[in-house]
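In: Requesting a structural model of the entry that follows:
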Amino acid sequence: MKSNLLCLLLLFLIIAGISKPVFAQEELWKEQSAWEGVPEYYQKWNFPDFHFPSALPAWKNDRVQVAATLQRLLGDIPARPKNLNVKTVFRKQMNGYILEKFLIDNEVDGLIPGYLAIPTNVKGKVPVVLGMHGHGSSKDNVFGSNSGTAQDVMALLISKGYAVMAIDSYFNGERRGTGPAGEPETQSKGADQETSTFKINLWFGRSLWGMQIRDEQIALDYLNTRPEIDSEKIGVEGMSMGSTRAWWLAALDERVKVVVGIACFTRYKELIEQRQLKAHGIYYFVPGMLQHFDTEAVMGLIAPRPFLALTGDSDAGSPLSGMKTLEKKLDAVYSLYKEKDKFKSIIYPNTGHVFTDDMKIEMLDWFEKYLK
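Out: Numbers count the residues shown, from 1 in each chain. Got it, this is the predicted structure:
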């Protein structure tokens, strides 16, 4: 199967004029000794080390508390709209699929622009993948509208019979210039808007990250209204910021059945050890998180649903030592369900913060195995 998928992928890449990213060895980040160069005061802080129980009933009890704590840490997130106000901007017949552009009123701070592509060669309801773009990217990258983007997955997924949806997250794509200050915040590639949106949400007792996840849940709400979509077969995939949104969304919303995260398989303690807090934008930080647990607790909520992590060993945003710790901890929680095969982490040698052709093959194979 993988050889056929590889041929299909290469054909699409040739047609689109996309080449596999090439990184010189000297450009790849390498992990240093733990805590090297970190001021001593920070080394003495208490960092949580979450341990999963040894029995499934105990974890089922604990996971309720973990989920409740996460929701509380995200802040006073407004309830999602009960009746979605959706405007269809256009509906086009394309080669093998119907493409729609829509706007959803999130009823707090603006409209959510998005695309939905539905294959026309599949009978009945179809499985769907919610594609999540990276920081500084957009829904257009997921849909291949910007040439040369490695995040383009729409054509590949459509060819295999999946519907695909993507929205612009806050301060990205068409939402640039819609923050608290409006048009002036389109400068600095959205950094001004990212910061101001983070600030204003803090004033209202909530996190920007929680609002980003809320928008993704609104996207799921919209998918559930579409008669073409099999709402029992919703997968998510994402690169970078999109990867983190993918596993957070799956952790907090069980409508997500399958997860693929590319890059950002990150444990926070090791990020601090490696002096790489700069590798993630301010949107990413949830107040109070490390007073309770590290990211294994979030990812553990996904179990026993299938979760695939694809990460380079030289990605500054995902230190290797943290990934190794996450692998052990997630193996443990999936083993509680006797579903160890449903968690898989592939760490690619001499690879940075990228979404390679090989990773796309693994993504497709994972969805073929677990979403169909």
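In: could you say what helices and strands the longest strand along the chain packs with?
Out: In the chain, assigned by DSSP state E, the strand with the most residues is strand 229-239. With contacts taken as 3 or more CB pairs under 8 Å, 6 or more residues apart in numbering; DSSP states H and E, strand 229-239 sits against strand 126-132, helix 208-223, helix 241-252, strand 258-262, helix 357-370. C-beta here means a position set from N, CA and C on the backbone, and glycine is covered the same way.
In: List the buried residues of that strand.
Out: For strand 229-239, the neighbour count (16 or more other CB atoms under 10 Å) marks 229, 230, 231, 233, 234, 235, 236, 237, 238, 239 as buried.
In: Partner strands of it, with direction?
Out: strand 126-132 (parallel), strand 258-262 (parallel) (DSSP bridges).
In: Using the three-state scheme, assign residue 90.
Out: Under DSSP: H, G, I helix; E, B strand; the rest coil, residue 90 falls in the strand class.
In: gap between it and residue 335?
Out: Residue 90 sits at a distance of 48 Å from residue 335 (criterion: CB to CB, to the nearest Å).
In: so residue 292 touches residue 69, yeah?
Out: Yes: the pair residue 292 and residue 69 passes the contact test of CB atoms under 8 Å, sitting 5.5 Å apart.
In: Between residue 90 and residue 335, which has more neighbouring residues?
Out: The neighbour comparison of residue 90 against residue 335 (other CB atoms under 10 Å) goes to residue 335, with 15 against 8.
In: after the one helix or strand the more buried one maps to, next one along is what?
Out: In this assignment (DSSP states H and E), residue 335 forms part of helix 320-336. Moving toward the C-terminus from helix 320-336, the next helix or strand (DSSP H and E) is strand 343-348.
In: Only the buried residues of that following strand, if you could.
Out: Per 16+ other CB under 10 Å, strand 343-348 contains these buried residues: 343, 344, 345, 347, 348.
In: Repeat that for stretch 46-62.
Out: In stretch 46-62, counting by 16+ other CB under 10 Å, buried: 50, 52, 56, 59, 62.
In: Tell me the secondary structure of residue 309, please.
Out: strand.
In: number of nearby residues for it?
Out: By other CB under 10 Å, 26 other residues sit near residue 309.
In: what's the answer for the one 3 residues further on, then?
Out: For residue 312, the tally of surrounding residues (other CB under 10 Å) stands at 28.
In: Equivalent analysis for residue 306, please.
Out: 23.
In: Now tabulate the helices and strands packed on strand 229-239 in a markdown table and tack on mean neighbour count, mean pLDDT and distance to residue 298.
Out: Formatted as a markdown table, the helices and strands packed on strand 229-239 follow (neighbours: other CB atoms under 10 Å; pLDDT from 0 to 100; distance: least, CB to CB, whole Å):
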| stretch | mean neighbour count | mean pLDDT | distance to residue 298 |
| --- | --- | --- | --- |
| strand 126-132 | 26 | 98 | 16 |
| helix 208-223 | 21 | 98 | 11 |
| helix 241-252 | 26 | 98 | 5 |
| strand 258-262 | 28 | 98 | 12 |
| helix 357-370 | 19 | 97 | 20 |
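In: between these, which gets nearest to residue 327?
Out: Between residue 327 and the helices and strands packed on strand 229-239, the shortest gap by CB to CB is with strand 258-262, which sits at 13.1 Å.
In: on that earlier part again, among the helices and strands packed on strand 229-239, which is nearest residue 166?
Out: Residue 166 lies closest to strand 126-132 among the helices and strands packed on strand 229-239, at 4.3 Å (CB to CB).
In: residues in contact with stretch 279-286?
Out: Contacts of stretch 279-286 with the rest of the structure, by CB atoms under 8 Å, 6 or more residues apart in numbering, involve 73-74, 135, 170-171, 194-195, 197-198, 207-210, 212, 241, 244, 264, 266, 271, 316-317.
In: actually stretch 68-75, sorry about that
Out: For stretch 68-75, the surrounding residues in contact (CB under 8 Å, 6+ apart) are 77, 201, 204-207, 209-210, 213, 251-252, 286-289, 292-293, 297-298, 301.
In: Could you pick out the buried ones from these?
Out: For those, a burial check counting by 16+ other CB under 10 Å picks out 77, 201, 206-207, 209-210, 213, 251-252, 286, 289, 293, 297-298, 301.
In: And the residues you listed, which is closest to residue 118?
Out: residue 213 (24.7 Å).
In: could you check the distance from the residue of the chain positioned farthest from its centre over to residue 321?
Out: Each residue of the chain has a distance to the centre, and by CA atoms, centre = their mean the biggest one is for residue 40: 33.4 Å. Computed as CB to CB, the residue 40 to residue 321 distance reads 20 Å.
In: so which of the buried ones among the contacts of stretch 68-75 would you say is closest to residue 275?
Out: residue 289 (18.7 Å).
In: ok, and the closest non-adjacent residue to the closest one?
Out: Excluding the flanking residues, the one nearest residue 289 by CB to CB, 6 or more residues apart in numbering is residue 73, at 6.0 Å.
In: Could you say which helix or strand holds the one you found?
Out: Using DSSP H and E, residue 73 sits in helix 56-74.
In: send the alpha carbons of that helix over as PDB?
Out: Extracted C-alpha coordinates of helix 56-74, given in PDB (Å, rounded to 0.1, in the frame of the first residue of the first chain):
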ATOM      1  CA  LEU A  56      -7.400   1.400  33.700                       C
ATOM      2  CA  PRO A  57     -10.200   2.200  36.100                       C
ATOM      3  CA  ALA A  58      -7.900   4.500  38.100                       C
ATOM      4  CA  TRP A  59      -7.000   6.400  34.900                       C
ATOM      5  CA  LYS A  60     -10.600   6.600  33.800                       C
ATOM      6  CA  ASN A  61     -11.300   8.400  37.000                       C
ATOM      7  CA  ASP A  62      -8.200  10.600  36.800                       C
ATOM      8  CA  ARG A  63      -8.800  11.600  33.200                       C
ATOM      9  CA  VAL A  64     -12.000  13.300  34.200                       C
ATOM     10  CA  GLN A  65     -10.100  15.500  36.600                       C
ATOM     11  CA  VAL A  66      -7.300  16.200  34.000                       C
ATOM     12  CA  ALA A  67      -9.900  17.300  31.400                       C
ATOM     13  CA  ALA A  68     -11.700  19.500  33.900                       C
ATOM     14  CA  THR A  69      -8.400  21.100  34.900                       C
ATOM     15  CA  LEU A  70      -7.500  21.800  31.300                       C
ATOM     16  CA  GLN A  71     -10.800  23.500  30.600                       C
ATOM     17  CA  ARG A  72     -10.400  25.600  33.700                       C
ATOM     18  CA  LEU A  73      -6.800  26.600  32.800                       C
ATOM     19  CA  LEU A  74      -8.000  27.800  29.300                       C
END
